[in-house]
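Enquirer: A structural model of the following input is requested.
(one chain, ligands or ions: 1)
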Amino acid sequence: MARQRRRPIIELDHVDKHYRARGRSDVVALRDISASIADGEFVSLVGPSGCGKSTLLKIINGLERHTAGTMRFHTGTDDRRQAMGMVFQQPLLLPWRTVKDNVLLPRDLVGGRRRRDDTERAETLLRTLSLGDFMDRYPRELSGGMQQRVGIARALMHDPRILLMDEPFGALDAMTRDQMSLELLQIWERDRKTVLFVTHSISESVLLSDRVIVMSSRPGRIVSVVDVELPRPRRLSDINTEQFGHYVKGIRRTLDSEHELSPR
Ligand SMILES: Nc1ncnc2c1ncn2[C@@H]1O[C@H](COP(=O)(O)OP(=O)(O)OP(=O)(O)O)[C@@H](O)[C@H]1O
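Expert: Numbering: from 1, shown residues only. Got it, this is the predicted structure:
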């Protein structure tokens, strides 16, 4: 059954991105990207290494500028940074700040005194992410998965409408990665933020997403958009179902055929 789509929050229309390289020809990272992401939707981006997935997140949050096409955001604010939170593969925590102070970093960067609300929000987020007992510890005292949870709490601190996640679990072992996927799903089911999630794992993309955008090798283009019609809430055991396998195989086939066609 087709899901009813909500109104778009991000619209990309024929977007290109070229990186200028002095003395060499430009790198065409993205070509003709058109997509509409609905408010509250969970969308994954999969594609070969170097196809421009990170670039797409960076032009969406304004860290990079697109070179052609148009982008529209319907977030209720002109301040893109306010509307978006970003989670990177490495959590990039400041080692001299405690866990709680790392989560409060975006708040502190704005300047002025912290309000009690800010501290309470940081504490609530940390408790939600099972870090209630580690708020006053330092990053070096935490495992990789715990550090990544701190990165997620920090990205959620200003309550963004959109969460951009660039291979957030890529550096974690398989079990921690599964656990983190489930926790992310729980947060998403509760808050229904719009999530754009970059991953190399096809099964992770199917487990988490409403839609999976499949990209070609560089220059990155969208070659397929897969609606994942698996029921929610999802569980890890869904991975063993026939329907799940069907989605994974379909996406794998698309990526393989693109790889065969691409110039080497
Ligand atoms: N600042 C930059 N200057 C020049 N070229 C860049 C820059 N950043 C990225 N590129 C190039 O743009 C292309 C896309 O890179 P990007 O990091 O977006 O790919 P990706 O799909 O996220 O890769 P991966 O899956 O390996 O992380 C690559 O060829 C890369 O070398």
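Enquirer: how about the residues of the protein near the ligand?
Expert: 19, 21, 27, 29, 47, 49-55, 218 (CB under 6 Å from any ligand atom). Bear in mind the C-beta positions are built from the backbone N, C-alpha and C, glycine included.
Enquirer: for the helix ranked longest in the chain, which positions count as buried?
Expert: For the chain, the longest helix by residue count, based on DSSP state H, is helix 242-261. For helix 242-261, a neighbour-count test (16 or more other CB atoms under 10 Å) marks 244, 247-248, 250-251, 254-255, 258 as buried.
Enquirer: gap between residue 89 and residue 57?
Expert: From residue 89 across to residue 57, the span is 11 Å (CB to CB, to the nearest Å).
Enquirer: quick one: common contacting residues for the two?
Expert: Shared contacts of residue 89 and residue 57, defined by CB atoms under 8 Å, 6 or more residues apart in numbering, are found at residue 166.
Enquirer: For the two, indicate the residue with more neighbours.
Expert: residue 57 (23 against 17; other CB atoms under 10 Å).
Enquirer: The more buried one belongs to a helix?
Expert: Yes: counting by DSSP: H, G, I helix; E, B strand; the rest coil, one finds residue 57 located in a helix.
Enquirer: you'd agree it is up against residue 198?
Expert: Yes: shown here, residue 57 and residue 198 form a contact pair, counting by CB atoms under 8 Å, at 6.3 Å.
Enquirer: which residues are in contact with both of those two?
Expert: 45, 166.
Enquirer: Which helix or strand in the chain has the lowest average pLDDT?
Expert: None of the helices or strands of the chain scores lower by mean pLDDT, DSSP states H and E than helix 105-110, at a mean of 85.
Enquirer: so what does that one touch, helix or strand wise?
Expert: Applying 3 or more CB pairs under 8 Å, 6 or more residues apart in numbering; DSSP states H and E, we find helix 105-110 packed against no helix or strand.
Enquirer: Show me which residues of it are buried.
Expert: So helix 105-110, judged by 16+ other CB under 10 Å, has buried residues 106-107.
Enquirer: So what touches it?
Expert: Applying CB under 8 Å, 6+ apart, the external contacts of helix 105-110 come out as 94, 97, 101, 114, 118, 122, 154, 157-158.
Enquirer: do that again at 6 Å, thanks
Expert: 118, 157-158 (CB atoms under 6 Å, 6 or more residues apart in numbering).
Enquirer: next structured bit after that helix?
Expert: Per DSSP states H and E, helix 105-110 leads on to helix 116-128 as the next helix or strand towards the C-terminus.
Enquirer: Now do that next one: distance to the chain's middle.
Expert: 22 Å (CA atoms, centre = their mean, to the nearest Å).
Enquirer: Just the C-alpha atoms of it, please, in CSV.
Expert: What follows is helix 116-128, C-alpha atoms only, in CSV (Å, rounded to 0.1, in the frame of the first residue of the first chain):
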residue,chain,number,x,y,z
ARG,A,116,18.8,26.0,33.0
ASP,A,117,16.6,24.7,30.1
ASP,A,118,19.8,24.2,28.1
THR,A,119,21.4,22.0,30.7
GLU,A,120,18.2,20.1,31.3
ARG,A,121,17.8,19.5,27.6
ALA,A,122,21.4,18.2,27.3
GLU,A,123,20.8,15.9,30.3
THR,A,124,17.5,14.6,28.9
LEU,A,125,19.1,13.9,25.5
LEU,A,126,22.0,12.0,27.2
ARG,A,127,19.6,10.0,29.3
THR,A,128,17.6,9.1,26.2
